[in-house]
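J.: structural data only, the sequence is not supplied:
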């Protein structure tokens, strides 16, 4: 072991503290969902499948549906707007990269509440043009996911010499559409997958913008349901966390399989 | 002159090797007054160059001389600020790269990492709407040409650098391009592989008869494989000629300094000849007068027993069949002498040297 790395004991202590920081609230929530009077039972989980409760859980399903639509549109924005723009900047306008990077990382430093103040008048106009459907939130979410999606995709772009690959493809007779779809995109697969999954996780976890702009999504629906059934809200929260956790594992596995393939 | 794009060719072949069936074809390449500016910086100053059908021409020069830029202008990867590029009779200056019908091998490894070797080679054929089975057959032919057919199912990361460049060569050739462009394809390889692949490229080029433009900063590479070499310096072609012409009759001191090994010795210009240490030597370029620096090749300097100029040995290197010795003359000139390995000399030995009366290149004394 070198002198810089922390000792095994230190690492365990840090691991336990950090693990506890995340695990205790989740365990508490999990225990809470099993509380039944003075004892524990799975009654609140079973209630999810109770036909009598369908109407009270309706906002959740509507919100979840809206959130999934939002996730799809947001991912589409990332894949079909942000990614081609990044490729364009990398290949044709490299001098713009610092400014572009500053711009896309900016949203991470702007609180959602501030973003909403700016977005509210825009959404008034948007409502007249495109209606007030929840999917329109994707334009706002497209901004909030920019920093996360950008970092994931840029890491892949930096790892591959896409300039030479695209020039080679051009010399072989490929047009730009073919180059992007058949040469560049497959080599950015890990970054694109990570950006997409992170975008889905951000969309499913976002509350402030949806609430203040008056759209019903999964998170706002949880608050609505919590007013009538706090246990159900906790159950759905845990399910959402589990979903995000699975997404992260999928990202990790995808990245690892890619690394293993390249290293074999 | 026509401005229409060159139709890309993807003719089916029925011979044993589809590429060899086209042997002997080639397209004329012409640069006419090519100027390239990057902002206020001019990197190509009216480049003129003709490459005959089937000829192997190298653009040789130091880093930053504009040789790669010239190649990229020919490929369409850079737009010339002025001038025209002709492939055959067609002006392709405004034709995009993917419509120029070229094959190109790059300095850095450019195989598509996500595709198997055979799919990399077939890429260009599929873009030309060749049927998949036919593309696969021709890809295997091209791989056989570079001796890598047995690696067709590997991925690029499973190949060595030399193998990757061989596949890149097969990929560039499989579409039967009008011209093959090589942008320092050997510079990332180790010395032994570099020599092997260099010779292989030349052998394949001769078999296919394809017009080839090769960019390199390695004079040995250029001398070994080229029909003609264009020595570039500061965005201009200093001299175009066969390797022998460039080596034996360099037109400028820059060419003499860049092509082959030379020693600079003081001399007095006397028109068509120059006097060095009492000897008169013919001048290969323009007539000169007054004090000059003379470029002398090591193989034109001999160790002699009598006469000649006195010098002191500074170092002597055994190079197999010969020995190269650096000596210092009384006037301070450092001169390289190439002599038989049997003539062993040691540091600080006093020797005598004489220069063969071969044409030399000169420049005004600096």
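T.: Good, I have the coordinates. Keep in mind that this is a model prediction, so the values were computed, not measured.

J.: just say helix, strand or coil for residue A:174.
T.: Secondary structure for residue A:174, judged by DSSP: H, G, I helix; E, B strand; the rest coil, is coil.

J.: please apply the same query to residue A:27.
T.: helix.

J.: same deal with residue B:328?
T.: Following three-state DSSP, we place residue B:328 in the strand state.

J.: against chain A, how distant is it?
T.: Relative to chain A, residue B:328 is positioned 47 Å away (criterion: C-beta to the nearest C-beta, to the nearest Å). C-beta coordinates here come from the backbone N, C-alpha and C atoms, glycine included.

J.: verify the stated contact: that residue with residue B:311.
T.: Yes: if you go by C-beta atoms under 8 Å, residue B:328 and residue B:311 touch, sitting 6.0 Å apart.

J.: could I get the phi/psi values of residue 106?
T.: As the question left the chain open, I've gone with chain A. Dihedral angles of residue A:106 (phi, psi; degrees, to the nearest 10) stand at phi -60, psi -40.

J.: sorry, should have said chain B
T.: Dihedral angles for residue B:106 - degrees, to the nearest 10 - are phi -100, psi 170.

J.: run a quick neighbour tally on it.
T.: Residue B:106 has 23 neighbours, counted by other C-beta atoms under 10 Å in any protein chain shown.

J.: residues in contact with it?
T.: A:164, A:167-168, B:168, B:183, B:185 (C-beta atoms under 8 Å, 6 or more residues apart in numbering or on different chains).

J.: from those residues, which is closest to residue A:211?
T.: Residue A:211 lies nearest to residue A:164 out of the contacts of residue B:106, by C-beta to C-beta, at 47.5 Å.

J.: that closest one: which element?
T.: According to DSSP states H and E, residue A:164 maps onto helix A:162-171.

J.: ok, the residue of chain A found nearest chain B - contacts?
T.: Residue nearest to chain B within chain A: residue A:172 (3.6 Å; C-beta to the nearest C-beta). Contact analysis of residue A:172 by C-beta under 8 Å, 6+ apart lists B:98, B:103, B:123-124, B:127, B:171-172, B:175.

J.: go with 6 Å
T.: Applying C-beta atoms under 6 Å, 6 or more residues apart in numbering or on different chains, one finds that residue A:172 lies in contact with B:123-124.

J.: helices along chain B, start to end?
T.: B:67-75, B:117-127, B:132-145, B:161-173, B:191-208, B:219-225, B:243-248, B:253-258 (DSSP state H).

J.: pretty sure residue B:86 contacts residue B:30?
T.: Yes: at 4.0 Å, residue B:86 counts as touching residue B:30 under the criterion of C-beta atoms under 6 Å.

J.: burial count for whichever residue of the stretch 101-250 of chain B sits closest to chain A?
T.: Of all residues in the stretch 101-250 of chain B, residue B:124 sits closest to chain A, at 3.6 Å by C-beta to the nearest C-beta. Applying other C-beta under 10 Å, we find 30 residues neighbouring residue B:124.

J.: can you give me the distance of the nearest residue to it once chain neighbours are set aside to residue B:177?
T.: Residue nearest to residue B:124 in three dimensions, not counting chain neighbours: residue A:172, with 3.6 Å by C-beta to C-beta, 6 or more residues apart in numbering or on different chains. Note on residue A:172: its distance to residue B:177, by C-beta to C-beta, to the nearest Å, is 9 Å.

J.: pop out the phi and psi values for the residue nearest to residue B:124.
T.: Dihedral angles (degrees, to the nearest 10) for residue A:172: phi -90, psi 0.

J.: could I get the pLDDT score of residue B:130?
T.: Per-residue confidence (pLDDT) for residue B:130: 94.

J.: skipping its backbone neighbours, what lies nearest residue B:166 in space?
T.: That would be residue B:146: by C-beta to C-beta, 6+ apart, it lies 4.2 Å from residue B:166.

J.: near chain B, which residues of chain A? Just list them.
T.: A:161, A:164, A:167-168, A:170-175, A:183, A:186-187, A:262 (C-beta under 6 Å from any C-beta of the partner chain).

J.: which helices and strands does the one helix or strand in chain B whose mean pLDDT sits lowest pack with?
T.: Lowest on mean pLDDT, DSSP states H and E among the helices and strands of chain B sits helix B:253-258, with a mean of 82. Other elements packing on helix B:253-258 under the criterion 3 or more C-beta pairs under 6 Å, 6 or more residues apart in numbering or on different chains; DSSP states H and E are strand B:236-241, strand B:361-364.

J.: angle of the longest one against helix B:67-75?
T.: Relative orientation of strand B:236-241 versus helix B:67-75 (axes from the mean of the first three to the mean of the last three C-alpha atoms, to 10 degrees): 80 degrees.

J.: tell me the gap between stretch A:243-252 and the middle of its chain.
T.: 10 Å (C-alpha atoms, centre = their mean, to the nearest Å).

J.: can you give me the buried ones in it?
T.: A:244, A:247, A:251 (16 or more other C-beta atoms under 10 Å in any protein chain shown).

J.: can you report how many residues neighbour residue 89?
T.: Chain wasn't specified; assuming chain A. So residue A:89, with other C-beta under 10 Å, has 18 neighbours.

J.: other chain: chain B
T.: 10.

J.: just read off the phi/psi values of it.
T.: The phi/psi pair for residue B:89 (degrees, to the nearest 10) reads phi -100, psi 0.

J.: same thing with residue A:35?
T.: phi -70, psi 140.

J.: show the pLDDT at it.
T.: 89.

J.: residue B:24 too?
T.: 49.

J.: tell me the domain boundaries of chain B?
T.: Following automatic domain parsing, one gets these domains for chain B: B:20-248, B:262-364.
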